[in-house]
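Asks: turn this into a structure:
(one chain, ligands or ions: 1)
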Amino acid sequence: MTLVTNHLPTAELQALDAAHHMHPFTTGDELNAKGARVITRAKGVYLTDSEGNEILDAMAGLWCVNLGYGRPEMGQVAARQMNELPYYNTFFQTTHVPAIALSAELAKLTPAHLNHVFYAGSGSEANDTNLRMVRVYWAEKGQPQKSHVISRKNAYHGSSIGSGSLGGMTYMHAQGGMPIPGIHHIGQPDWWAEGGDHTPEEFGLARAQELEEKILELGAENVAAFIGEPVQGAGGVIVPPSTYWPEIQRICKKYDVLLIADEVICGFGRTGNWFGCETMGITPDIITIAKGLSSGYAPIGGSIVSDEIAEVINACEFNHGYTYSGHPVCAAVAMENLRIMQEEDILSHVHNVAAPALHAALETLGEHPLVGTVNKSGMMASLPLTPHKESRAKFAGEGGAVGYMCREHCFANSLVMRHVGDRMIISPPLVITPEEIEVFTKRATQALDATYKDLK
Ligand code: PLP
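Replies: Below you'll find the predicted structure:
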């Protein structure tokens with residue numbers, strides 16, 4: 001067996017990686033030209049790479065390490081569970097204590113009517129579950145034709161063929177076969193990029209009313225559900241105008257269309273409440289969870305459904321499930337994550353300390369000549385870059401080149417800030433301290449300054 005450890009030189013690790021490891025959302029050319037960054041350790045909000053750089057992770061991995069890295073309790077719980085019961089499935093009338101405990105805890109934390117969890121290994125799988133479950137729900141209620149699902153352009157709901165179809169990423173759809181039939185996309189509530197001369201409130205209302213138009217076009221009797229992220233994450237942290245979600249909720253109720261809130265990013269404190277639907281004041285029928293459920297320490301996701309949906313689904317046999325649905329080690333790790341979040345009152349830290357400090361930092365960054373505005377909700381934010389703030393102008397070309405430049409300057413300054421097109425994205429661990437936010441601000445300013453200089 002080849003012995004590959006942290007002790008190998010970076011170039012050797014990168015060469016092996018480029019030769020044998022296919023990466024998501026990365027080209028082979030990128031890997032061959034520069035090699036991948038090799039991350040070797042992490043603690044708190046800092047990553048260490050194979051060159052010994054200490055990098056502030058303002059993305060919490062992929063929006064998921066809410067508790068921060070390196071909490072030993074999480075590893076201890078995982079080890080204990082692996083030794084006691086490393087695996088058993090939850091098919092065919094079988095269960096185990098980690099899945100029971102986590103389900104009961106989630107039922108306590110979610111809004112009152114959401115009390116039933118169907119587990120998956122990821123957010124993508126959970127959204128596939130949702131797609132199948134809403135169809136079975138309506139079929140069981142005698143309306144099998146009520147099967148179409150409406151989503152939004154530029155939404156992200158995962159990478160499987162079902163969840164990728166629910167998503168509205170054209171660059172994913174362009175790679176063939178997506179969206180699958182029965183899925184439709186309406187406009188996103190992105191006032192900064194698409195609102196023109198409308199006020200944000202007018203625009204939010206207009207974009208929500210596209211849902212009504214689409215339902216009427218398809219026929220309400222054919223529409224099973226609408227799915228949306230309370231705040232679009234991977235689309236660029238698009239915080240909808242205040243008029244948007246109440247109107248969506250009204251329309252869903254009026255036409256008997258189920259509302260699915262994809263809380264994969266927004267859930268577990270990211271927007272300042274346990275769930276983004278609380279922040280947005282909506283009452284969904286289903287929420288999708290993953291990422292912050294285990295703070296990314298173990299792969300686990302799920303769908304939490306209303307009493308009414310569970311009653312219908314439980315009355316039939318739902319022919320659906322994953323080998324790792326409710327995996328005992330992942331469930332135990334998720335439970336430990338929820339225990340720490342509650343015992344350490346991470347939400348109060350967000351409210352009283354982290355979000356105020358982050359928002360003040362973002363206001364400072366918002367004054368930079370390259371930054372068009374600050375989009376923020378709790379501990380997620382984006383800074384759209386622009387050549388001209390007042391007119392909300394975009395850079396020439398397809399978009400993304402300036403964001404990429406800025407991201408590279410972030411890395412050069414030991415900071416992870418991802419870019420979506422020409423927007424810089426911020427979603428740090430919820431436990432970040434004001435001192436660490438000062439480091440973030442300094443490094444982000446250096447990266448913005450360097451990008452600005454490159455453009456001159
Ligand atoms: N839904 C949302 C809102 C997401 O942001 C993501 C991932 O970023 C997913 C679903 C897919 O989750 P996963 O990558 O765990 O499959």
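Asks: get me the contact residues on the stretch 201-350 of the chain for the ligand.
Replies: Proximity of the stretch 201-350 of the chain to the ligand, by Cβ under 6 Å from any ligand atom, involves residues 229, 233, 234, 262, 264, 265, 290, 301. (C-beta placed from N, C-alpha, C; glycine too.)
Asks: nearest to the ligand among these?
Replies: residue 264 (3.5 Å; Cβ to the nearest ligand atom).
Asks: residues contacting the closest one?
Replies: When contacts are counted by Cβ atoms under 8 Å, 6 or more residues apart in numbering, residue 264 touches 123, 126, 157, 158, 229, 233, 288, 289, 290, 291, 301.
Asks: check contacts around the residue lying closest to it once chain neighbours are set aside.
Replies: For residue 264, ignoring the flanking residues on the chain, the nearest one in space by Cβ to Cβ, 6 or more residues apart in numbering is residue 123 at 3.8 Å. Counting by Cβ under 8 Å, 6+ apart, residue 123 makes contact with 157, 158, 163, 262, 264, 288, 289, 290, 291, 301.
Asks: wait, a helix at the first one?
Replies: When you say that, I think you mean residue 157. No - assigned with DSSP: H, G, I helix; E, B strand; the rest coil, residue 157 falls outside any helix and is coil.
Asks: that one: neighbour count?
Replies: 31 (other Cβ atoms under 10 Å).
Asks: for it, give its distance to residue 57.
Replies: When distance is defined by Cβ to Cβ, to the nearest Å, residue 157 is 24 Å away from residue 57.
Asks: assign residue 250 to helix, strand or coil.
Replies: helix.
Asks: how near is the residue lying closest to residue 314 once chain neighbours are set aside to the ligand?
Replies: Take residue 314 and drop its neighbours on the chain: the residue closest to it by Cβ to Cβ, 6+ apart is residue 116, 8.0 Å away. According to Cβ to the nearest ligand atom, to the nearest Å, residue 116 stands 20 Å off from the ligand.
Asks: cool, and residue 376?
Replies: From residue 376 over to the ligand (counting by Cβ to the nearest ligand atom), the distance is 17 Å.
Asks: and for the residue in the stretch 351-456 of the chain positioned nearest to the ligand, the neighbour number?
Replies: Closest residue of the stretch 351-456 of the chain to the ligand, Cβ to the nearest ligand atom: residue 427 (10.1 Å). Residue 427 has 26 neighbours, counted by other Cβ under 10 Å.
Asks: now residue 343
Replies: 8.
Asks: do you know how far it is from residue 71?
Replies: Taken as Cβ to Cβ, the span from residue 343 to residue 71 is 12 Å.
Asks: what does the stretch 51-200 of the chain put close to the ligand?
Replies: So the stretch 51-200 of the chain meets the ligand at 62, 122, 123, 124, 127, 156, 157, 158 (Cβ under 6 Å from any ligand atom).
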